[in-house]
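Undergrad: Attaching a predicted model along with its sequence, questions to come.
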Amino acid sequence: MKRILITNDDGIRSSGIIRLVEAARALGEVTVIAPDREHSAKAHSISILEPVDFMPYAFPVPGVTAWVCSGTPSDCVRVGLAYLLPQKPDLVLSGINCGFNIASDIQYSATVGAALEAAHQGIPAAAFSEPYNPDHSVTDRFLPDVLELLEELLPGRDEILNINFPLASCNGILTGRTVSSGSMFRGSYQLTEHLPGGGLRLSAEWVPDDACDDGSDFRAVLDHYISIGVVRNIG
């Protein structure tokens, strides 16, 4: 039986991690170590200037051991492997994130960052994401099929599978997707307030951009396919 560690960046109470745990139990014994709050866009960050707290957590799926963490998703994986788990897992899964992690936006993703932490330590890992949408029917319908594919698709050390589910409908699963060179959104900053002492307060503004490369992760989800591709860590 496989030992599986699951984490996420939306917090331990999010529906995405609960649904991933429920589906992953078919693969083996699941342990959850996840943050106490959302950590979107924290990338691969870890806590080094302050201690990190871990508390037992009553996860709402029977038979699952869980810890809630005051730190980042990468802290969850790093400390889990180094201290909390009695044995190293056979597999680390991160997600299901609320919002795509595709194209150049991947570099900011803490969902992907947690999976990369596992891969860097020699544990096969995959990151899962779905669109911002209260209807999870596409993801939930195809998630067991994707989990069955993991063993044959998981790459080597310092590489992960990055998996994104499409919106509204699904035409199938596309593997070997490249990371699109573009971005889902074009960002800019707008001045919102002048602060005392000459300071400025700025807010980010995002405009959707659907320009993408053929054969890429972005193209796949736009065409209503599940995108599965490899993301490489540094090193």
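TA: Great, that's in hand.
Undergrad: CA only for contacts and neighbour counts going forward, please
TA: Will do.
Undergrad: Using PDB, write out every CA atom in the lengthiest helix in the chain.
TA: What stands out as the longest helix in the chain, according to DSSP state H, is helix 137-153. Taking Å, rounded to 0.1, in the frame of the first residue of the first chain, the C-alpha atoms of helix 137-153 are listed here in PDB:
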ATOM      1  CA  SER A 137     -18.200  18.200 -11.500                       C
ATOM      2  CA  VAL A 138     -15.500  18.100 -14.300                       C
ATOM      3  CA  THR A 139     -12.600  17.700 -11.800                       C
ATOM      4  CA  ASP A 140     -14.400  15.200  -9.600                       C
ATOM      5  CA  ARG A 141     -15.500  13.100 -12.600                       C
ATOM      6  CA  PHE A 142     -12.000  12.800 -14.100                       C
ATOM      7  CA  LEU A 143      -9.800  12.900 -10.900                       C
ATOM      8  CA  PRO A 144      -9.800   9.100 -10.400                       C
ATOM      9  CA  ASP A 145      -8.700   8.600 -14.000                       C
ATOM     10  CA  VAL A 146      -5.900  11.100 -13.600                       C
ATOM     11  CA  LEU A 147      -4.700   9.500 -10.300                       C
ATOM     12  CA  GLU A 148      -4.600   6.100 -12.100                       C
ATOM     13  CA  LEU A 149      -2.200   7.600 -14.700                       C
ATOM     14  CA  LEU A 150       0.300   9.000 -12.100                       C
ATOM     15  CA  GLU A 151       2.400   5.900 -11.700                       C
ATOM     16  CA  GLU A 152       3.300   5.700 -15.400                       C
ATOM     17  CA  LEU A 153       3.700   9.500 -15.900                       C
END
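Undergrad: What average pLDDT does that helix get?
TA: The average pLDDT within helix 137-153 is 94.
Undergrad: Please identify the pairing partners of the helix or strand just after it and their relative orientation?
TA: Moving toward the C-terminus from helix 137-153, the next helix or strand (DSSP states H and E) is strand 159-164. If you go by DSSP bridges, strand 159-164 pairs up with strand 125-130 (parallel), strand 226-232 (antiparallel).
Undergrad: quick one, which of those is packed in tightest?
TA: Of all the strands paired with strand 159-164, strand 125-130 has the most neighbours on average by mean count of other C-alpha atoms under 10 Å, namely a mean of 28.
Undergrad: tell me the angle of that one relative to helix 137-153?
TA: 160 degrees (axes from the mean of the first three to the mean of the last three C-alpha atoms, to 10 degrees).
Undergrad: avg pLDDT for strand 125-130?
TA: Averaged across strand 125-130, pLDDT comes to 97.
Undergrad: So what touches that strand?
TA: 91-101, 111-112, 115-116, 118-119, 139, 154, 159-167 (C-alpha atoms under 8 Å, 6 or more residues apart in numbering).
Undergrad: Can I get that strand in CSV, CA atoms only?
TA: What follows is strand 125-130, C-alpha atoms only, in CSV (Å, rounded to 0.1, in the frame of the first residue of the first chain):
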residue,chain,number,x,y,z
ALA,A,125,5.0,14.5,-6.7
ALA,A,126,2.2,16.1,-8.5
ALA,A,127,0.3,19.4,-8.3
PHE,A,128,-3.4,19.7,-9.0
SER,A,129,-5.4,22.8,-10.0
GLU,A,130,-8.9,23.7,-11.2
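Undergrad: Could you check how far it is from the centre of its chain?
TA: 5 Å (C-alpha atoms, centre = their mean, to the nearest Å).
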